[in-house]
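Trainee: got a sequence here, can you build the structure:
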Amino acid sequence: MKQARNIIWGLAILALGVILGGKALGFFEFDIFFKGWWTLFIIIPSIVGLMTEKHKAGSLFMISLGVILLLNQQGVFDWGVAWKVLVAVALVLVGGSLVFRSVFQSKDAKKIEEEVKKNRKNGKLDSLTAVFSGSDRVYNKEEFEGADVVAVFGGAKLDLRNATIEKDVVIKAFCAFGGADIIVPSDVCVKSNSAFVFGGVSDDRKSIADKGKHMIYVDAAGAFGGVSIKDGKTKE
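Mentor: Residues are numbered from 1 along each chain as shown. Next up, the predicted model:
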C-alpha cells in the first residue's frame, strides 16, 4: 500500500515537472494559477487516498469538498448552495457506506450480525445511548454479552474492566459528531471493523494482548466521530 502511494505521488510530481518545464520552454501556454487552484491541494491527496487507503468514504468526502470549493471559486454556484451540497454528500456517503456494509458483508461482519441478532432476540444485548448528552455504563462483575452504543452529539462510555465475559461478544457502535470510549479487560482480544466519514476506531490501550480468553468484536460506523478502545492504564 505504501509503495502504491509513493508511485502515485511520484507520477503526480513528475507530471507537474513536465508541465512546468513545457510552459517555461514555450511548448504550451496556460495559467496554472486559475481561480480556485488551491483546491488541488485538497483534491489530489484525496484521490491518492482513494486509490491507496482501505476505507474510501473519507477520501470521497474530501474529493467532493475540493470539487465543490473549486466550482464555487469558478462561479458555478455560491456559498449558500455549496454548504448544502456538502451536507448532502456527507449524508449520502454515510448512508451508502452503511448499505454497502450490510449488502457486501465479510465473514467477520456476517458472524457479528448473527451474534447481534441472537442476543437482541434473547434480550441480552445491552443498550447505551448518548444524544446531546453523556452516558456511562460500568460493569461490576456482571456478565457482559454485547452492546449497542449510540453517540450523537454526545459521549458514551462503556467500562468493561470488571465485567464477566464468558464468550466472544460484539459491540455495535454508531457515532455522529460524538464519541464512544470502550474500556476493556486485559485478558481479552479486540478486533475492530469500521466505516466512518471523518472518524474511525482507535486502539489506545497501553498493553495489547495477542491471545486472550475471548474476543471482543467492535463494529463501528458514523461520521465526524469515533470510538476509542482503552484499558485500565490508558489516561483519560
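Trainee: find the residue at the geometric middle of this structure.
Mentor: With distances taken as Cα atoms, centre = their mean, the chain has residue 196 as the residue nearest its mean C-alpha position (2.7 Å).
Trainee: what about the helix or strand where residue 20 lies, average pLDDT?
Mentor: Using DSSP states H and E, residue 20 sits in helix 2-24. Computed over helix 2-24, the mean pLDDT rounds to 69.
Trainee: and for stretch 41-58?
Mentor: The pLDDT scores in stretch 41-58 average 73.
Trainee: now stretch 185-200
Mentor: Averaging pLDDT along stretch 185-200 yields 81.
Trainee: how far does it sit from the chain's center?
Mentor: 10 Å (Cα atoms, centre = their mean, to the nearest Å).
Trainee: kindly report the same for stretch 151-159.
Mentor: Relative to the centre of its chain, stretch 151-159 is centred 16 Å away, using Cα atoms, centre = their mean.
Trainee: pull out the buried positions in stretch 79-92.
Mentor: By neighbour count on 16 or more other Cβ atoms under 10 Å, the buried set for stretch 79-92 is 82, 85, 89-90. Heads up, the C-betas are built off the backbone N, CA and C, glycines and all.
Trainee: give the helix, strand or coil label for the closest residue to residue 79 other than its chain neighbours.
Mentor: In this structure, residue 79 finds its nearest non-sequential neighbour in residue 72, 6.5 Å apart by Cβ to Cβ, 6 or more residues apart in numbering. Three-state assignment for residue 72 (DSSP: H, G, I helix; E, B strand; the rest coil): helix.
Trainee: out of the helices and strands in the protein, which is least certain?
Mentor: Within the chain, no helix or strand scores below helix 107-121, which has a mean of 63 by mean pLDDT, DSSP states H and E.
Trainee: after it comes which helix or strand?
Mentor: Using DSSP H and E, the helix or strand that directly follows helix 107-121 along the chain is strand 126-131.
Trainee: identify the residues contacting that next one?
Mentor: By Cβ atoms under 8 Å, 6 or more residues apart in numbering, the surrounding residues in contact with strand 126-131 are 135, 137, 144-156, 158, 178, 180.
Trainee: tell me the strands beside it, with direction?
Mentor: Applying DSSP bridges, strand 126-131 is found paired with strand 147-152 (parallel).
Trainee: ok, and what's touching the partner strand?
Mentor: Identification of contacts with strand 147-152 by Cβ under 8 Å, 6+ apart yields 116, 125-132, 135, 137, 156, 158, 171-180, 182, 225, 227.
Trainee: off-centre distance for that strand?
Mentor: 15 Å.
Trainee: from residue 66, how far off is the residue nearest to residue 79?
Mentor: With distances taken as Cβ to Cβ, to the nearest Å, residue 72 is found 11 Å from residue 66.
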